[in-house]
Structure formats: structure tokens, C-alpha cells
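> predicted model, plus sequence, below.
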Amino acid sequence: MIPLEEEIRQLKKEKNAVILAHYYVPDCVQAIADEVGDSFYLAKKAKDSKASLIVFAGVSFMGESACMLNPDKKVCMPDLTADCAMAHMASEEKIKHMRDMYDDLAVVCYINSTAALKMLSDVCVTSSNAVGIVRALPNQHIYFIPDGNLGAFVKAQVPEKDIILNDGFCPVHQQMTIQDVTAAKAEHPGAQLLVHPECPAEVADAADFVGSTAEIIEFAGKSEAESFIIGTEDGVLHELNKRNPNKHFYPLKKMQQCADMKKVTLEKVRDCLKYESGQITVPSDVCRLAVKPLEKMLEMAK
Ligand code: 13P
Ligand code: SF4
């Protein structure tokens, strides 16, 4: 019997497939992927991919976005039940109500959202480009969905706009508290604190750096510090340790894990490639509208 990794490599070649993986999926899946990145990087890679088959190792909004951005390609996911809880945490009625309230409203939608929410939005953002895109919009009133923490982070950076927050959150990052920060700093004196903007505001305020997964990895690589406390999902530790063997990385708290990202296993990646199972489809009427804010994000982030 050939090892699983070898079987995956052979299948990839045979099928002219590419594996895109997010930094939160298990280490072994990141290790066999062709591209590993944050949400923005992966969206760009999916759009530009020339492969016949895209296997997206991540959660459903990522596969859905890949499918909408590259409709001629077959996009499959190793586990179709891997979903992002926050992606559903905004209400269509509330969006309509906000549009009735403000004539110049822009609905800014974090990419961690369903296609049904994107359909009702003006522009998508990721954690790496949200501040720049919101600042560049001509609108004074912004309704930021679904993440209240990323929204609050953007609001603090763009005080000249009226940014209305929604109450969605990431269940993984929401659990990180200022008490965890105090405890981790006491345990690792001198370590820099690097956190994701999905963390609560008081955690972000205490950090030395706030950014997307890819930005955290880049910051740690350039920093003069030798040790770091990491306030995001544990999956980023794989790339941090790989790139910086002489630096030390400590999770802000124990078990910072997204159960959905961890559903992606090597066996499921192999089956996905072999049987081309787990195909993502988006109804054409939904795709036609939901792809617009995604395309606008890619344009504005250039
Ligand atoms: P990034 O865009 O920083 O990779 O974030 C994705 C995500 O799901 C964070 O919880
Ligand atoms: Fe969604 Fe949070 Fe998991 Fe990211 S870590 S995919 S925001 S539930």
C-alpha cells in the first residue's frame, strides 16, 4: 500500500488538481497543500487557478467564494460539513432595515459569511484589507457584518466614518480574554503578543500587533523578538515554527481550535481527489449577485 501523502501527490497530478489550504487546517494537510494562506490570499489563488480541479481545505464560505470567483472550475471540499459559525451571524431583515435608515449606507461584509449575506452587501473584506477598503469607500455610513470584533477594530482605525456594528463573533476568538493575556504575559515575560482582529477589543488593545493569519506570520518573521504569544487558532503555529525554528511561539490560551477547520483530514483530501466528491455549487442567481462584492474587494485591494 502506498503512503497517503504519495497517493495524494499522484492523484493531484493525474487530475491536474490544486490543493488550497487555510492556516487553520491540520498540519499534515497544510504540509501536502500547493498553497497555504489567509482568506485573501486563497481567494486570489482560487480566482487565478488554471487547474482543472480545486480542492479547498477549509470551511464552506471559502469553497463557496472560490466557486463563485472561478465558475468554470470544479471546486470540491474534503468535508462539506466544515462550516464557519460566524458566517451565519447576520440578519437579512436587519440589512434591509439599515438600508432604509441611511441613504448612503454601504454594507461591508467580512468574507466569513454565507453567499446569501454577500448577495445583500456592497463589498467584501478580509481581515487583511478591511481597514483600507472601509477607509477608501465614499460612504459615510457603514454597516459592518457579521463580525462585531473585526468591525470594532476597523471602527477604531477609521474614526472619520460612522461604522454600525453587528453582534456576530467567532466562537474560537471570542473566548480569548484579557485575563488570558495577563496570565500568558506573566508566564512568558518579554514575549510579543500577536492577535487576530476577531479577538475581543480589550485583547486587541493589549496586543503588540493585530492582523490576519498571514500578517501575524509575516510580523513574527520580521520581528527582533525571540518569543511570541499567539492569539489566533493554533493551526498558524505550524507555519510560524516552520519559518522560525529559533523563535518560540506560545498559544494565548489552551486549545484555540476551530472544530470545523479540524474536520479536514488527509483521508478526506484523498477521497475528495479520487472521487471528485464534495463539489460546491452555488445557484446561478445567487452567484450573479454574491460575486459582485467579492470582485469589488479584489479590485479595491489591488
Ligand atoms: P484570515 O483571513 O486571517 O486567514 O482569517 C480567517 C478566519 O477564519 C479567521 O478566523
Ligand atoms: Fe469561522 Fe472562527 Fe473557525 Fe475562522 S476560526 S472559520 S471565524 S469559526
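Perfect, I can see it now. Ligands and ions are numbered 1, 2, ... in the order given.
> quick one: distance of stretch 284-301 to the chain centre.
17 Å (C-alpha atoms, centre = their mean, to the nearest Å).
> would you put the C-alpha positions of that stretch in CSV?
What follows is stretch 284-301 as a C-alpha-only set of coordinates in CSV (Å, rounded to 0.1, in the frame of the first residue of the first chain):
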residue,chain,number,x,y,z
SER,A,284,-26.5,31.0,-10.7
ASP,A,285,-28.9,33.7,-9.5
VAL,A,286,-27.2,33.8,-6.1
CYS,A,287,-23.7,33.7,-7.7
ARG,A,288,-24.5,36.6,-10.1
LEU,A,289,-25.2,38.9,-7.1
ALA,A,290,-22.9,37.5,-4.4
VAL,A,291,-19.8,37.5,-6.7
LYS,A,292,-20.1,41.3,-7.1
PRO,A,293,-18.9,42.3,-3.6
LEU,A,294,-16.1,39.7,-3.9
GLU,A,295,-14.9,41.1,-7.2
LYS,A,296,-15.1,44.6,-5.8
MET,A,297,-12.9,43.6,-2.9
LEU,A,298,-10.3,42.1,-5.2
GLU,A,299,-10.4,45.3,-7.3
MET,A,300,-10.2,47.7,-4.3
ALA,A,301,-7.4,45.7,-2.6
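> for it, list every residue counted as buried.
By 16 or more other C-beta atoms under 10 Å, the buried positions in stretch 284-301 come out as 286-287, 290-294, 296-297, 300-301. Glycine gets a C-beta too; all of them are placed from N, C-alpha and C.
> mind listing the strands for the chain?
17-22, 35-37, 53-57, 74-76, 106-110, 123-125, 141-145, 162-165, 192-195, 209-210, 227-231, 248-251 (DSSP state E).
> residue 33: which of the buried residues of stretch 284-301 is nearest?
residue 294 (21.8 Å; C-beta to C-beta).
> which ones are touching that closest one?
With contacts defined as C-beta atoms under 8 Å, 6 or more residues apart in numbering, residue 294 is in contact with 43, 65, 68-69, 111, 118, 124.
> so which of the strands of the chain is nearest ligand 2?
Counting by C-beta to the nearest ligand atom, ligand 2 lies closest to strand 17-22 out of the strands of the chain; the figure is 7.8 Å.
> give me the mean pLDDT for the closest one.
Regarding strand 17-22, the rounded mean pLDDT is 98.
> strands paired with it, and their directions?
Applying DSSP bridges, strand 17-22 is found paired with strand 35-37 (parallel), strand 53-57 (parallel).
> let me know which of these is the nearest to residue 279.
Comparing the strands paired with strand 17-22 by C-beta to C-beta, strand 53-57 comes nearest, at 9.5 Å.
> just to revisit the earlier point, can you flag which of the contacts of residue 294 belong to helices?
The helices, defined by DSSP state H, take in 43, 65, 68-69, 118 from those.
> how much space is there between the residue most central in space within the chain and residue 284?
The centre of the chain sits closest to residue 39, judged by C-alpha atoms, centre = their mean, with a distance of 4.0 Å. Taking C-beta to C-beta, to the nearest Å as the measure, residue 39 and residue 284 are separated by 24 Å.
> list the contacts of the residue in the stretch 51-200 of the chain positioned nearest to ligand 1.
The nearest approach of the stretch 51-200 of the chain to ligand 1 comes at residue 127, 4.3 Å away (C-beta to the nearest ligand atom). The neighbours of residue 127, taking C-beta under 8 Å, 6+ apart as the test, are 38-40, 110, 150, 196-198, 211-213, 215.
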